[in-house]
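Asker: Sharing a sequence plus its predicted fold:
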Amino acid sequence: MSSLHLHGSCHCGAVQFSLRLAGRPRLIDCNCSMCTMTGFVHLVVDRDEFDLTAGQQALCTYTFNTHTARHLFCQTCGIKAFYVPRSHPNGYSVNVRCLDEASRGALADAPKAQFNGRDWEHSITGLRQQLDG
């Protein structure tokens, strides 16, 4: 797969970002309490593949449990378009549903892994192998 340039934002557009992906993207559907309630579909990227292009000042942070993950929300519309995940604290997890229409279309054929986030400690090794392998 050739390099992909993807773009997205929160609902109100105050927070905007872009991604540069060189490899084949892998999407993750997680069943943890947070992802289930928000409908988050993950696209995990390295920090150097992600650019926050607008809205740093509009972001607020929420943490819970181990406080490793940094959930970043737009203060205006409340949408979490991306965050720093516990599984990959040196990268970002982008919500595929917050990508623009053309970017979502470019990911239409990307494989989607199921992740049992309700049993995170038991499941994380398998997820890391899928993402890094």
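Answerer: Ah, there it is.

Asker: Going by C-alpha atoms from here, please, whenever you check contacts or count neighbours.
Answerer: Noted.

Asker: Who does residue 19 form a beta bridge with?
Answerer: Taking DSSP bridges as the rule, residue 19 bridges to residue 6, residue 50.

Asker: Pull the contacting residues for it.
Answerer: 4-7, 49-51 (CA atoms under 8 Å, 6 or more residues apart in numbering).

Asker: Stretch 45-53: how far from the chain's middle?
Answerer: Stretch 45-53 sits 11 Å away from the centroid of its parent chain (CA atoms, centre = their mean, to the nearest Å).

Asker: how about it: buried residues?
Answerer: In terms of neighbour count (16 or more other CA atoms under 10 Å), stretch 45-53 has its buried residues at 45, 50.

Asker: Just the terminal-to-terminal distance for it.
Answerer: 16 Å (CA to CA, to the nearest Å).

Asker: try stretch 104-124
Answerer: 26 Å.

Asker: What's the mean pLDDT across it?
Answerer: Averaged across stretch 104-124, pLDDT comes to 83.

Asker: That concludes my questions; thank you for your assistance.
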